[in-house]
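In: Quick one, what's the 3D model for this:
(chains A and B)
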Number of protein chains: 2
Amino acid sequence: MDNSQQPASAALVIIGNEILSGRTVDANLPYLARELNALGIPLLEARVVPDVEERIVEAVNACRARYAYVFTTGGIGPTHDDITAASISRAFGRPLLRHPEAERRLRAYYPPEKINEARLKMAEMPEGAELIDNPISTAPGFRVENVFVLAGIPRVMQAMFEGIRHRLRGGPPILSRTLTLLAPEGDVALLLAEVQEAFPSVEIGSYPFFTFDRPGTSIVFRSRDAAACEAALRRLEEAARARGIEIRNEAAAGTSGEEG
Amino acid sequence: MDNSQQPASAALVIIGNEILSGRTVDANLPYLARELNALGIPLLEARVVPDVEERIVEAVNACRARYAYVFTTGGIGPTHDDITAASISRAFGRPLLRHPEAERRLRAYYPPEKINEARLKMAEMPEGAELIDNPISTAPGFRVENVFVLAGIPRVMQAMFEGIRHRLRGGPPILSRTLTLLAPEGDVALLLAEVQEAFPSVEIGSYPFFTFDRPGTSIVFRSRDAAACEAALRRLEEAARARGIEIRNEAAAGTSGEEG
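Out: Numbering: from 1, shown residues only, chains lettered A, B, ... in the order given. Now for the predicted structure:
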């Protein structure tokens, strides 16, 4: 099921060699995925790119043409390997300028002897960029059109996201319900395919697991349509019972709620 | 520094709605990143795509044209949302066939009453695919040209990777050394830029942190050239000392070793 035609979908571009080397494990994708889902903005793609301008430009341009919102994380610090602002400038064909308000904030935050060219680099951004507040460490993120440039450090990224959340326009939140069957995936796959066919507006995912060495399958129903979500779950639940498949208690009670 | 011209680089395509919804946190990227680095095959790009054939085809085709090796994780189970094999077939323009040896293994593993169309779907793969052994749960991965299709469950993916590791041809391993400075990034950024300029064959990354509320910066030097790596680290160490910047002990001793 391709959701890319639905309103207000998003992509994430994760920038940084440290993610691709395995040195740092990204924590921003799971956070943004859950927060965006709750806002009714499904995250439909993510790319991890190195600190290479050409690769950043390519990923950002591919994503901003296709999705309503693009978020980038990483590469906005003071060092030579922080090239996100320059890359976003090139992606938009806009000059890279020192933003006066960003400079003012940095000069207010750091003692005068700590202000140097490296730190002032954090005030450089594409012409016309709108600042995104950084309540943790001052150096702001920024927005250009539909691209939101955020910090890579999760605590800073999350604080920046809190400040822009109200500006994002999503659809109805994507609801998620889970049914847990104590049977391996292969036993329930054909049943699942039937239910999926009967409820095309519900995205049905199947996730195998083992508990006490017993195989089970979590079935996740996701949709903006709460009634369809519920009906699909009930259909599978009845069909599973009729075939003598054990249903785990908390799931039979219907664990419900927004994803994230 | 663009490494994409170097021999034997790799990309990873992570397939699955559960990653993009935030339900599941990917653990395969960090594992593969470290293992590939140790084999001298830098991971230069990763993409996370949903269970949508068109998106999988697009990502795999973009990556296999650009990198020596492409790995995919996820979507090779028995359920309707497992569409990786069909998508890889379409990406290569090859028919999707039931692989006789894969079918034989599945029939040997499951009792006859457990063999159904859903489980046999796990034997379907592009014409000419070569099996990748699955010592955990039998259903094999496969290789087509430079694309290696692996399971999404980390334990199974890792077991599959162990079986193909010897087939991958990398360069000299990428060495990594770290120098830890007890100074904020902005204090050392200009110094770092000088060292980076003097050692273009070394990729120098800068990662800020806080310990006991004191800001510090981990400087990571990565290169296939051990001597250059060492020389760049020593240059920065001396320059930092000359400026009275404190160096954390274990780093001054030179924490060394392959990344991963």
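In: count of residues packed around the nearest residue to A:Ser218 once chain neighbours are set aside?
Out: Distances taken as C-beta to C-beta, 6 or more residues apart in numbering or on different chains put A:Tyr207 closest to A:Ser218, at 4.6 Å, once the chain neighbours are dropped. (Glycine included, C-beta is placed from N, CA and C.) Neighbours of A:Tyr207 under the rule other C-beta atoms under 10 Å in any protein chain shown: 21.
In: Is A:Tyr207 in contact with A:Gly216, as I believe?
Out: No - using C-beta atoms under 8 Å, A:Tyr207 is not in contact with A:Gly216; the gap is 9.4 Å.
In: Can you mark which positions in the top helix by length along chain A are buried?
Out: The longest helix of chain A (DSSP state H) is helix A:226-242. For helix A:226-242, a neighbour-count test (16 or more other C-beta atoms under 10 Å in any protein chain shown) marks A:Ala228, A:Cys229, A:Glu230, A:Ala231, A:Ala232, A:Leu233, A:Arg235, A:Leu236, A:Glu237, A:Ala240 as buried.
In: Give me every residue in the stretch 151-260 of chain A lying close to chain B.
Out: A:153, A:174, A:176, A:185-190, A:192-193, A:196, A:203-208, A:220, A:222, A:259-260 (C-beta under 8 Å from any C-beta of the partner chain).
In: give me that answer again for 6 Å
Out: The stretch 151-260 of chain A comes close to chain B at residues A:Glu185, A:Gly186, A:Ala189, A:Leu190, A:Leu192, A:Ala193, A:Gln196, A:Gly205, A:Ser206, A:Glu259, A:Gly260, as judged by C-beta under 6 Å from any C-beta of the partner chain.
In: what's the helix or strand for the second one?
Out: Which is A:Gly186. If you go by DSSP states H and E, A:Gly186 is part of helix A:185-198.
In: Chain neighbours aside, what residue packs nearest to A:Val25?
Out: Going by C-beta to C-beta, 6+ apart, A:Val25 has B:Pro30 as its nearest residue, at 5.0 Å.
In: how many other residues sit next to the closest residue to A:Asn28 other than its chain neighbours?
Out: Spatial nearest neighbour of A:Asn28, excluding adjacent residues (C-beta to C-beta, 6+ apart): A:Thr73 at 4.5 Å. Applying other C-beta under 10 Å, we find 32 residues neighbouring A:Thr73.
In: again, but for A:Gly171
Out: 14.
In: Could you do A:His80 as well?
Out: With other C-beta under 10 Å as criterion, A:His80 counts 20.
In: Do a quick rundown of the strands in chain A.
Out: A:10-15, A:43-49, A:69-73, A:96-98, A:124-126, A:130-132, A:141-144, A:147-150, A:175-181, A:203-211, A:214-223 (DSSP state E).
In: Counting by contacts, list what the third one packs against.
Out: Strand A:69-73 is packed against strand A:10-15, strand A:147-150, with contacts defined by 3 or more C-beta pairs under 6 Å, 6 or more residues apart in numbering or on different chains; DSSP states H and E.
In: Put together a markdown table for the ones you listed, with distance to A:Leu44 and mean neighbour count on each row.
Out: Below are the helices and strands packed on strand A:69-73 laid out as a markdown table (distance: least, C-beta to C-beta, whole Å; neighbours: other C-beta atoms under 10 Å in any protein chain shown):
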| stretch | distance to A:Leu44 | mean neighbour count |
| --- | --- | --- |
| strand A:10-15 | 6 | 27 |
| strand A:147-150 | 16 | 25 |
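In: Go through these and name the closest to B:Arg119.
Out: Closest of those to B:Arg119 is strand A:10-15, at 34.7 Å (criterion: C-beta to C-beta).
In: what lines up beside that closest one in the sheet?
Out: Partners of strand A:10-15 in the sheet, by DSSP bridges, are strand A:43-49 (parallel), strand A:69-73 (parallel).
In: Serialize those strands to CSV and add fields for mean pLDDT.
Out: Shown next, in CSV, are those (pLDDT from 0 to 100):
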stretch, mean pLDDT
strand A:43-49, 98
strand A:69-73, 98
